[in-house]
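[1] just to be clear, the model below is a prediction. Sequence and coordinates:
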There are 2 protein chains.
Amino acid sequence: MNHLDVFKALSNKARLQILQWLKDPEVHFPDQPGFESGVCVGQIQQKAGLTQSTVSEYLSILQRAGLIESTRVGQWTYYKRNEKAFIELTQIIQKDL
Amino acid sequence: MNHLDVFKALSNKARLQILQWLKDPEVHFPDQPGFESGVCVGQIQQKAGLTQSTVSEYLSILQRAGLIESTRVGQWTYYKRNEKAFIELTQIIQKDL
DNA sequence: TTGGTATATCGGAAAAAGTCGATATATATT
DNA sequence: AATATATATCGACTTTTTCCGATATACCAA
């Protein structure tokens, strides 16, 4: 985990918001049934009110930082949080920072 | 504490470095005697290899984010870490993020 | 009060990030 | 194969951040 990339990924209102939504998918994405593998890009885009390309890029920034992970199922890509990364982040802040 | 400002403040190599230096001032600033009130700007600037104005701005960004605090003594401004902020940050990541 | 040193602030040039529309790719359906 | 849908990538433009030099301010010492 690269601290700097993680903090950069977190330095954006929309991306923070997406992470929070993904914490409770049932609450924030009631349209989509089943959340085992995450929430698909379209649902996130709709809620974020940004263009598809922007949301897609934001998700990939979050993923490169290790904060979320993706699963491709058919034509959909589902994204969900990688909770381990958040735990690791708090540890890094306590030790290295 | 504003998450976003904190993460932005942490999204810079030099600023992260400064925070790490300030964690062990005796080790990283052996020239300066006494660290109760922190390390002065000049010492940090010298070590960072950036201009005085840049370092001064960076310190003020870190301070606005609440991560460090300053004390003016004569012509010097001493900066030191605000450890409470780091604790609060880990709590925010665990709860709100 | 004059000059010296430490820090802060201002203005700007260059680099990076934000954001979009257009297009490409991958998959599904007929 | 042709079409439709979901996502990713590209190119361009705008806004923000980085980082500097110059200047201002605050304090100290003679």
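    Arrived safely, thanks for sending.

[2] got the residue ranges for the helices in chain A?
    Counting by DSSP state H, chain A has helices at residues A:3-9, A:13-23, A:25-28, A:41-48, A:52-64, A:83-95.

[3] and the first one, anywhere near DNA strand D?
    No: applying C-beta under 7 Å from any atom of the strand, one finds that helix A:3-9 is not in contact with DNA strand D, the shortest distance being 8.6 Å. For the C-beta atoms, the positions are set from N, CA and C on the backbone; glycine is no exception.

[4] what's the average pLDDT for that helix?
    Helix A:3-9 shows a mean pLDDT of 97.

[5] that one packs against which elements?
    For helix A:3-9, the packing partners by 3 or more C-beta pairs under 8 Å, 6 or more residues apart in numbering or on different chains; DSSP states H and E come out as helix A:52-64, helix A:83-95, helix B:13-23.

[6] so for DNA strand D, which of the ones you listed sits nearest?
    Nearest to DNA strand D among the helices and strands packed on helix A:3-9 is helix A:52-64 (2.8 Å), distances taken as C-beta to the nearest atom of the strand.

[7] now do the closest one and helix A:13-23, the angle between them.
    70 degrees (axes from the mean of the first three to the mean of the last three C-alpha atoms, to 10 degrees).

[8] tell me the mean pLDDT over helix A:52-64?
    pLDDT averaged over helix A:52-64 gives 98.
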